[in-house]
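[1] When you get a sec, could you give me coordinates for this:
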Amino acid sequence: MKTKLTLKIKKKTIEKGKRYAKKKKTSLSRLVENYIERLASDEKEENEITTLVKSLSGIVHLPEGFDFKKGYSAFLAKKYR
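    Okay, the predicted model is just below:
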């Protein structure tokens, strides 16, 4: 069941939200509803792995003893040359 809710939000923030929602092809109401749903579900399932993360698990194979900090530093150095 849907019901109305009145919120007090800065006009500038509402306009930003409307532009963002339009880019995402949704309504501002749906955007706020999804955000609240996510916040509420994150409290209960804080450590749960999402379906997306599960589907991505195992697609990258790194050598034994790979140094993530050095690898990431090398990536950033190459990216910003």
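[2] any idea of the mean pLDDT in the host helix or strand of residue 17?
    Using DSSP states H and E, residue 17 sits within helix 11-23. For helix 11-23, mean pLDDT is 94.
[3] same thing with stretch 71-80?
    92.
[4] can you start the count at 4 instead of 1 from here on
    Let's use 4 as the start, then, which means that last one is stretch 74-83.
[5] measure the residue of the chain positioned farthest from its centre to residue 60 for me?
    Most distant residue from the mean C-alpha position of the chain: residue 67, 30.5 Å away (C-alpha atoms, centre = their mean). For residue 67, the distance to residue 60 equals 18 Å [C-beta to C-beta, to the nearest Å]. No exception for glycine: its C-beta is placed from N, CA and C like everyone else's.
[6] With residue 32 instead?
    From residue 32 to residue 60 the distance is 34 Å (C-beta to C-beta).
[7] got it, and residue 53?
    For residue 53 relative to residue 60 (C-beta to C-beta), the value is 11 Å.
[8] Also residue 22?
    The value you get for residue 22 to residue 60, if C-beta to C-beta is used, is 35 Å.
[9] can you list contacts of the longest helix along the chain?
    Looking across the chain with DSSP state H, the single longest helix is helix 31-47. The contact list for helix 31-47 (C-beta atoms under 8 Å, 6 or more residues apart in numbering) reads 10, 17, 20-21, 23-24, 27.
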